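Chemist: quick check, what structure comes out for this input:
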Amino acid sequence: MIPIHELISKIRWDKEFGKGDFAIGYYDRMLNKILIVPFDEINFDPADHFSFQFISEEGETRRVPLHRVKEVYKDGALIWHREH
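Modeler: Just a heads-up that it's a prediction; the model follows:
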């Protein structure tokens, strides 16, 4: 299985592979479930190779460590999965 940081790089930088609608599912410890975030709502800090951030529905900036990413979807289909 490809490591998540490599898959994210491929989505971001491989123009052919990156075509499509991607989403990341991460494990939220407080809610004890997987939450899905559209890839186009995610921000990557160039100085931080271990997490991503996004603005929640409540308007708060959330930082998610890559080790909590459990699923990746492309055009609604699961293309990557790690056990919870």
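
Chemist: now the nearest residue to residue 2 once chain neighbours are set aside: phi and psi?
Modeler: Sequence neighbours aside, residue 80 is the residue nearest to residue 2 in space, at 7.1 Å (criterion: C-beta to C-beta, 6 or more residues apart in numbering). Bear in mind the C-beta positions are built from the backbone N, C-alpha and C, glycine included. Recorded main-chain torsions at residue 80 are phi -150, psi 140, according to degrees, to the nearest 10.

Chemist: confidence score at the most centrally placed residue in the chain?
Modeler: Computing the C-alpha centroid of the chain and ranking residues by C-alpha atoms, centre = their mean puts residue 24 first, at 3.4 Å. At residue 24, the pLDDT value in this model is 98.

Chemist: can you count the residues close to residue 80?
Modeler: Applying other C-beta atoms under 10 Å, we find 19 residues neighbouring residue 80.

Chemist: if we can go back for a sec, so the residue nearest to residue 2 touches residue 24, yeah?
Modeler: No - under the contact definition of C-beta atoms under 8 Å, residue 80 does not touch residue 24, with a separation of 9.2 Å.

Chemist: shared neighbours, these two?
Modeler: Shared between the contact lists of residue 80 and residue 24 (criterion: C-beta atoms under 8 Å, 6 or more residues apart in numbering) are residues 71, 72.

Chemist: what lies in contact with stretch 75-83?
Modeler: Stretch 75-83 has contacts (C-beta under 8 Å, 6+ apart) with 1, 2, 4, 7, 20, 21, 69, 70, 71, 72, 73.

Chemist: quick one: contacts for the first one?
Modeler: Residue 1 is in contact with 80, 82, counting by C-beta under 8 Å, 6+ apart.
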